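Trainee: Okay, sequence plus prediction incoming.
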Amino acid sequence: MTGLQDRLTPEQIEEFGRELDALRQRVVDDLGEADVEYIRTIIKTQRGLEVAGRGLLFAGFLPPAWVAGVAALSLAKILDNMEIGHNVMHGQYDWTRIPELSSQRFEWDNVAPAENWRHSHNYLHHTFTNILDKDRDIGYGILRMDAAQKWHPYYLGNPVYATLLALLFQWGVMLHDLEIERVFKGERTWAENVPVLRKIMRKAARQIGKDYVLFPLLTGPLAPLTLVGNASANLVRNLWAFSIIFCGHFPADVESFTQEETDEESRGQWYLRQILGSANITGGPLFHILSGNLSHQIEHHLFPDIPARRYPQIAAEVREICERYGLPYNTGPLRKQLWSVAKKIVKLALPGTPSGGPEVTVDPDRQLRAA
Amino acid sequence: MTALLQQRLRGLASLAEALLTPHGADRYLELLDPMLVRREIRGRVVAVRHQTPDTVTFTVRPSRAWRGFEAGQYVRLTAEIDGVRRTRCYSPCGPGSGDLEFTVKADPHGLVSRHLHATTRVGTVFGLSAADGEFTLPSPRPERIVLVSGGSGITPVLAMARRLVVEGHRGEVVFLHYANSADDVLYRTELAALAERHRGFRVVHAHTHGRGGDLSGFFSKQHLAHAAPWFRDAETFVCGPKPLMDSVRELFEAEGLGERLHTEEFTAPPLNFDTEAAEGTVRFARSGRECANSGKPLLEQAEDAGLSPEHGCRMGICFSCTQVKTAGRVRNARTGEVSGEEDEEIQLCISVPVGDVEINA
């Protein structure tokens, strides 16, 4: 049998883990003022774009102002969620002891409350990356994203569900925290969801109040235009976040794992799984910033708590390590990765895709390559 | 009329908060000017001087959330050093309202004090806490007061002296100050001016290593008897280095006057902890983080685990880092006392886990 643990010999995996630990330590030792300055510049830019966007919508009767307003607000929301929110809430700046940059205190411009998200994303997804039935990011409880998920006629709607999820992504992330599918399976009780639900309602009410009630009302007769503008900005952010995040784990060749093969993982084996289970997106510096540096998903999954601006700096070294150990380093331009994800969504809507029993590893290609 | 206006303003402020959710107004205001924040206290440095080569004295104008302080209290001052926010306790010694004056001595091993000494300029902005601390003058004021200080420990007692002068205190006040030599005396001219302007106020300079003072050598009963022969009828306030505090305390205990002595400690007593024999697991319940007990104080263990609990003095004085211990036993690193009470409030900075411990942080 070939599996996750057969990729490298025990000696290799240990040395591999040590190399990555050393890389991490070098970055951690070097953290300082430049990192804080960087995130502050991003925050300033985000706040500036937000104020400009909201301001321009007061002149929304002029089409160019409306378009510019929506663009600025979309960018503000993208920066807030991706490069600031996602990364700060990962604890990437906790070492600064700056309250506004504390993972425990930060709240983002998104209907999913930070506290719920920290559990579902930071804990569940980052600990159990791409392990079927444990990592709930595989399909978000709605989609069939892996051949090992048993097919059901429901999944014929896969492309439709994916489109809806992309359009309404922030609501998807919000509901994701409720773990509804586990409630149906009886693994989770409704009572456990009460505090989660309470936080969701409070947060969503605030977000709706701001974007769909207060700001439109403030613009008086322009209220409908402002409302549509704000909804558009939320939509742009949703589509963008969905694209970046789905390209991070679901292009072809990214591997999934079974619970059995990840039992009692060592540090090195955990690193290995993060690399095999993630994919990068190539692009320029601005693209990386707007993706919250999740275009460096591999580096992010190896070191989720070091400031994201460091990922591009260490990417070449991570890639070199992968090459040396004969490991794949999945990367490509956005259109290639998106196309690959789209194909998978459509393909897995249909039955007949090969799926192994629980004892075989999830990606059938892995065995071919190993053989 | 003003009530209505205030109501309107409050309404506007809460509308602004709703519009600026989730970040809140302060996160936008501070980008215009860090002093505009409404919920936090910040202070901008408006004057800097160096009384001696290894100290810095600076005046800070607090932002509007500041509520003043009582003479003798301290505030937690926060500075950012190489991207990391660091907080320490200092006693301001202004007259009690308006601007705050701090004097910081650069400790050769002190990260924050050296940074403040080297970098504080007019315009520097610090984070401040509300004033705190029990080291204050009782009300009504005692008839006779002895103020004893050593080195930069002068600040809280100088604040008391200034306060008494402002209030027109009619009793006797003796200010006994210790410094290495005449060159090291902080606030020399201010002390002389206070003594000159105020009848019944006397300053006694003691130099431990130099001549030219009213007294020489370390604190003794003779010193006290010389400075304030009536010290038995007075209330005594002392702040300074540990040896000075210890000898004053010993004398007052021996004289049976312990109740009349008030102390403020800002020097860290040595903490006793053993990182070799540590065992068990430390669990921080709220954040869900867990680590093997390293034998260090819980504050450090929390920080090593990537948490950043609120804290101040890191020596068990200011209680900023107090948290509820939900399970397990901890040893107080200052007293050695072990406590295993349930749901007990402990100071993280001086509590060392004994075996498994769970903290609600």
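Mentor: It's in.
Trainee: Can you tell me what sits against the strand or helix carrying residue A:194?
Mentor: Here residue A:194, judged by DSSP states H and E, is contained in helix A:190-208. By Cβ atoms under 8 Å, 6 or more residues apart in numbering or on different chains, the residues outside helix A:190-208 that reach it are A:107, A:109-113, A:115-116, A:174, A:177-179, A:183, B:18, B:21-22. In this view, the C-beta of every residue, glycine as well, is placed from N, C-alpha and C.
Trainee: Write a ChimeraX command that selects only the buried members of these.
Mentor: Buried members of those, defined by 16 or more other Cβ atoms under 10 Å in any protein chain shown, are picked up in ChimeraX with:
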select /A:107,109,110,111,112,113,116,174,177,178,179 /B:21,22
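Trainee: low pLDDT regions in the chain?
Mentor: Answering for chain A, as no chain was given. Across chain A, residues meeting the criterion (pLDDT under 70) sit at A:1-3, A:353-371.
Trainee: My question was about chain B, not that one.
Mentor: Ranges of chain B meeting pLDDT under 70: B:1, B:95-97, B:266-273, B:317-318.
Trainee: Near chain A, which residues of it are found?
Mentor: By Cβ under 8 Å from any Cβ of the partner chain, the part of chain B that sits against chain A consists of B:15, B:18-19, B:21-23, B:27-28, B:31, B:80, B:82-86, B:286-288, B:306-308.
Trainee: same thing but 6 Å
Mentor: B:18-19, B:21-22, B:28, B:31, B:82-85, B:306, B:308 (Cβ under 6 Å from any Cβ of the partner chain).
Trainee: Filter these down to the ones in strands?
Mentor: Members of the residues of chain B next to chain A lying in strands (criterion: DSSP state E): B:84-85.
Trainee: Narrow the residues of chain B next to chain A to those that are buried.
Mentor: Going by neighbour count (16+ other Cβ under 10 Å), the residues of chain B next to chain A have B:21-22, B:28, B:83-85, B:308 buried.
Trainee: Relative to residue A:348, which of those residues is nearest.
Mentor: Among these, residue B:22 lies closest to residue A:348 (Cβ to Cβ), at 35.8 Å.
Trainee: contacting residues around the closest one?
Mentor: residue A:107 (Cβ atoms under 6 Å, 6 or more residues apart in numbering or on different chains).
Trainee: mind running it again at 7 Å?
Mentor: A:107-109, A:206 (Cβ atoms under 7 Å, 6 or more residues apart in numbering or on different chains).
Trainee: What of residue A:174?
Mentor: Residues near residue A:174 by Cβ under 7 Å, 6+ apart: A:111-112, A:200, A:204.
Trainee: Show me what from chain A comes close to chain B.
Mentor: A:31-33, A:35-36, A:44, A:47, A:91, A:94-98, A:100, A:102, A:104, A:107-109, A:123, A:206, A:209-210, A:214-215, A:305 (Cβ under 7 Å from any Cβ of the partner chain).
Trainee: hmm, who's touching the lengthiest helix in chain B?
Mentor: Counting by DSSP state H, the longest helix found in chain B is helix B:2-19. For helix B:2-19, the external contacting residues (Cβ under 7 Å, 6+ apart) are A:209-210, A:214-215, B:24-25.
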